[in-house]
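> Have a look; sequence and predicted model below, questions after that.
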Amino acid sequence: MGPLHRLWPSGTFRRRVPLRWKIAALAAATACLVAAAVGVLVHVWTAGDIRSRAEAQALNSLYSAADAYRRTGTLVDGAELDPADLPAALRHPTDDDRHAAHDERVDGNVGPSVWAAQRVEGPGSKVLAFRVNMSSELYGLHRLDLTMVVASLVSLAAATPLAVCGAGLLGRRLRRVSETAGRISAGDLDARTGPTKGGDEVADIAATVDLMADSLGRRLRTERRFTADVAHELRTPVGGLLATADLLPPGETEDLLRARVRDLRGLVEDLLEISRLDAGAEQPVRARVPLGAVVAEAVARTGFDTGSTVTDTGSTVTDTGSTVTDTGSAVTDAAQTVETDPRRLERIVGNLVVNAHRHGGAPVQVTVEGRTVVVRDHGPGFPSDLLLHGPRRFHTGAAERGSGHGLGLTIALGQARLLGAELLLENAPDGGAVATLRLPA
């Protein structure tokens, strides 16, 4: 069988990620980005400051060393003449000014470094250089980076639970609004969210949902009153028409008129039944009855029993108005006795069988297994919009008019709800519509 389309109760919801975890993840990601951005900025600024101070120190030390060398011809501590490690850019200066260059080489605890060099007068061409080792400052920068990483992780660990808690409060408020909207969608027009704390967008949404429920409730109550009033007012003239038709002389005109009046009376009764179901004025009268016998009687009352096959295994069904061996809807039962309202159960089964004959194709099979009744035809199947949205009043799914009013499945669904039963509609893989009624235990 294909996927079932549950009409009562309504379909289940897919499991989703709670809003609190989404907000917490967003807060954590934002905190990580901020920490990373601040860490990079601090690292870049501190590294630049270390290089600038080392370069200034090297140039100042070189100035003092050059002055002492000119006056005394001796080298101060740290100054060197033509050192072997001097960067190539400083070996042959083009003028007598001081120049600085960075040396990224590391040799033990020495390096990276900043060199400052200047050409000095003396025997031959010599270059006086001074070197500033930045290893200790860069080691301090490395420790600063580790400290910022640890501080960021600690802050993230502290901020995430707070974000989860705050998001949980918001999620509970939104869940309350969602539950109210779901109850309204399921038919509970008295459901309201009520006052919510805070003057934010969630409170606005809650107030809007309540206003929508008030407006929807007023419109539906007006529609139900109108339907009930029209149906009630039509009963008297329709009854008069039926009585008048009895006075006509027998003939084709009399038969046609009586058939049309009977159709009109059936429509009025269906509208009254729907209005009572909508208003909650109906109450089931339960009794223990044999399910197979009730279903077979319902099939017989439809008048389509000659085009159906009733098969009964496990119990004997007698006097059902159907031929057990060659009738055309299939009723299979295991002598199951259920506690239900037999009149409403007959109404549901009868409407399903009539719908199968009018809009489906022969043969129509009615099967009883345990507490489940399945009505299947071999026609084109249920329309896709009916499977998606459920049955709608005066919507038959047929191109032609006059083959029904589109109320049969609506009434069957309403009566199933009243009995606490479950009605599912689907299409069989090999063609045909399948209606499954599951009675409660």
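That came through fine. As the structure is a prediction and not an experimental result, all values here were calculated from the model.
> drop to CA atoms for contacts and neighbour counts, all remaining ones
Will do.
> How far off centre is the helix or strand containing residue 180?
According to DSSP states H and E, residue 180 maps onto helix 135-185. A distance of 25 Å separates the centroid of the chain from that of helix 135-185, by CA atoms, centre = their mean, to the nearest Å.
> mind giving me the domain ranges of the protein?
16-188, 216-279, 287-438 (automatic domain parsing).
> for the ones you listed, which one ends up most surrounded?
Of these, the one with the most neighbours on average (mean count of other CA atoms under 10 Å) is domain 287-438, at a mean of 20.
> The domains of the chain into CSV, with extra columns for distance to residue 201 and mean pLDDT?
Below are the domains of the chain laid out as CSV (distance: least, CA to CA, whole Å; pLDDT from 0 to 100):
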stretch, distance to residue 201, mean pLDDT
domain 16-188, 10, 85
domain 216-279, 22, 73
domain 287-438, 31, 75
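> Which one of the ones you listed lies nearest to residue 194?
Minimum separation from residue 194 across the domains of the chain (CA to CA) falls at domain 16-188, 9.2 Å.
> Which of the three states applies to residue 424?
When classified by DSSP: H, G, I helix; E, B strand; the rest coil, residue 424 comes out as strand.
> Name the surrounding residues that touch stretch 192-206.
Under the criterion CA atoms under 8 Å, 6 or more residues apart in numbering, residues 173, 174, 176, 177, 180, 207, 209, 210, 213 lie in contact with stretch 192-206.
> now, which of those sits nearest residue 338?
residue 180 (34.5 Å).
> In terms of helices and strands, where is the closest residue to residue 302 other than its chain neighbours?
Nearest residue to residue 302, sequence neighbours excluded (CA to CA, 6 or more residues apart in numbering): residue 350, at 5.9 Å. Following DSSP H and E, one finds residue 350 within helix 342-359.
> Export that helix to CSV, keeping only CA atoms.
Coordinates of each C-alpha in helix 342-359 appear next as CSV, following Å, rounded to 0.1, in the frame of the first residue of the first chain:
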residue,chain,number,x,y,z
PRO,A,342,-24.5,1.2,15.3
ARG,A,343,-26.6,3.9,13.6
ARG,A,344,-23.6,6.2,13.1
LEU,A,345,-21.4,3.3,12.1
GLU,A,346,-23.9,2.4,9.4
ARG,A,347,-24.0,6.0,8.3
ILE,A,348,-20.2,6.0,7.9
VAL,A,349,-20.0,2.7,6.0
GLY,A,350,-23.0,3.6,3.8
ASN,A,351,-21.5,6.9,2.8
LEU,A,352,-18.1,5.3,2.0
VAL,A,353,-19.8,2.6,-0.1
VAL,A,354,-22.0,5.1,-2.0
ASN,A,355,-19.0,7.3,-2.7
ALA,A,356,-17.1,4.3,-4.0
HIS,A,357,-19.9,3.4,-6.4
ARG,A,358,-20.5,6.9,-7.6
HIS,A,359,-17.0,8.1,-8.1
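> Following element in sequence after that helix, please.
Toward the C-terminus, helix 342-359 is succeeded by strand 364-369 as the next helix or strand (DSSP H and E).
> Give the partner strands of that following strand in its sheet and their orientations.
Strand 364-369 pairs in its sheet with strand 308-309 (parallel), strand 372-376 (antiparallel), by DSSP bridges.
> Need the contact partners of the helix or strand following the shortest one.
Pointing back at strand 308-309 there. Per DSSP H and E, the first helix or strand lying C-terminal to strand 308-309 is strand 337-340. Outside strand 337-340, the residues that touch it by CA under 8 Å, 6+ apart are 284, 285, 286, 287, 288, 289, 290, 291, 371, 419, 441.
> closest to residue 43 among those residues?
residue 441 (71.2 Å).
> so what's the closest one up against?
Contacts of residue 441 (CA under 8 Å, 6+ apart): 338, 371.
> neighbours of residue 197, just the number please.
Applying other CA atoms under 10 Å, we find 9 other residues in the vicinity of residue 197.
> So it: helix, strand or coil?
Under three-state DSSP, residue 197 comes out as coil.
> what about the closest residue to residue 248 other than its chain neighbours, helix or strand, and which?
Spatially, and ignoring its direct neighbours in sequence, residue 248 is nearest to residue 254 (6.0 Å; CA to CA, 6+ apart). Assigned by DSSP H and E, residue 254 belongs to helix 252-279.
> continuing past that helix, what's the next helix or strand?
That would be, after helix 252-279 and using DSSP H and E, strand 287-290.
> That following strand packs against which elements?
If you count contacts as 3 or more CA pairs under 8 Å, 6 or more residues apart in numbering; DSSP states H and E, strand 287-290 packs onto strand 337-340.
> on that earlier part again, the residue nearest to residue 248 and residue 243 touch, don't they?
No: Residue 254 is beyond contact range of residue 243, at 11.7 Å (criterion: CA atoms under 8 Å).
> got the CA coordinates for stretch 421-433 in CSV?
Provided in CSV are the C-alpha atoms of stretch 421-433 (Å, rounded to 0.1, in the frame of the first residue of the first chain):
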residue,chain,number,x,y,z
ALA,A,421,-12.5,6.5,15.3
GLU,A,422,-9.8,7.1,12.7
LEU,A,423,-10.6,7.6,9.1
LEU,A,424,-7.8,7.3,6.5
LEU,A,425,-8.0,7.9,2.8
GLU,A,426,-5.4,6.6,0.3
ASN,A,427,-5.0,5.3,-3.2
ALA,A,428,-4.0,1.7,-3.9
PRO,A,429,-0.7,1.2,-5.9
ASP,A,430,-2.6,-0.8,-8.5
GLY,A,431,-5.4,1.7,-8.8
GLY,A,432,-8.6,2.5,-6.9
ALA,A,433,-9.5,4.4,-3.8
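> Off-centre distance for it?
With CA atoms, centre = their mean, you get 25 Å for stretch 421-433.
> swap in stretch 38-47?
43 Å.
> residues making contact with it?
If you take CA under 8 Å, 6+ apart as the criterion, stretch 38-47 is touched by 138, 141, 145, 148, 149.
> returning to what we had before: now distance to residue 203 too, for the domains of the chain, in JSON lines please.
As requested, these are arranged in JSON lines below (distance: least, CA to CA, whole Å):
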{"stretch": "domain 16-188", "distance to residue 203": "9"}
{"stretch": "domain 216-279", "distance to residue 203": "20"}
{"stretch": "domain 287-438", "distance to residue 203": "30"}
